[in-house]
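K.L.:
Sequence and predicted model, in that order:
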Amino acid sequence: MEHKDEAVTSEDLGWDRVGGIIALAPGSFGALRTWSGRLQLPRSGGRLRLVVQQFEQFPSDTPFTIGAPPPPVRRLVHQDIVEV
């Protein structure tokens with residue numbers, strides 16, 4: 001969830017995260033895959049938007065300790081933004 005700082009006139013800039021990140025739980029509805037989660041809308045008033053992001057995780061080729069696997073990295077593959 002993000003809150004708009006009205007002092008910033010740009011529609012693309014001036015959005016600040018409100019609360020923490022919520023991981024969505026996978027599920028299914030017949031043959032369809034679904035994801036769900038719960039969030040509480042802040043009482044701050046003003047403009048809010050919901051940001052949903054999907055990442056893929058894969059092994060990296062960064063230097064690592066011998067005998068240990070390299071740390072995974074994430075890449076943003078999809079994002080939806082919906083004003084609430």
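P.N.:
Nice, I can see it.

K.L.:
now the strands for this structure?
P.N.:
2-4, 15-17, 25-29, 32-36, 48-59, 72-83 (DSSP state E).

K.L.:
Any chance of those strands in TSV with mean neighbour count as columns?
P.N.:
From N, CA and C alone the C-beta is placed, and that goes for glycine too. Formatted as TSV, these follow (neighbours: other C-beta atoms under 10 Å):
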stretch	mean neighbour count
strand 2-4	17
strand 15-17	13
strand 25-29	9
strand 32-36	9
strand 48-59	12
strand 72-83	10
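
K.L.:
So which of those is nearest Ile66?
P.N.:
Among the strands of the chain, strand 48-59 comes nearest to Ile66, with 15.6 Å by C-beta to C-beta.

K.L.:
could the strands of the chain go into a markdown table alongside distance to Pro42 and mean pLDDT?
P.N.:
A markdown table is the format used below for the strands of the chain (distance: least, C-beta to C-beta, whole Å; pLDDT from 0 to 100):
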| stretch | distance to Pro42 | mean pLDDT |
| --- | --- | --- |
| strand 2-4 | 7 | 94 |
| strand 15-17 | 11 | 94 |
| strand 25-29 | 22 | 93 |
| strand 32-36 | 20 | 93 |
| strand 48-59 | 7 | 92 |
| strand 72-83 | 14 | 94 |
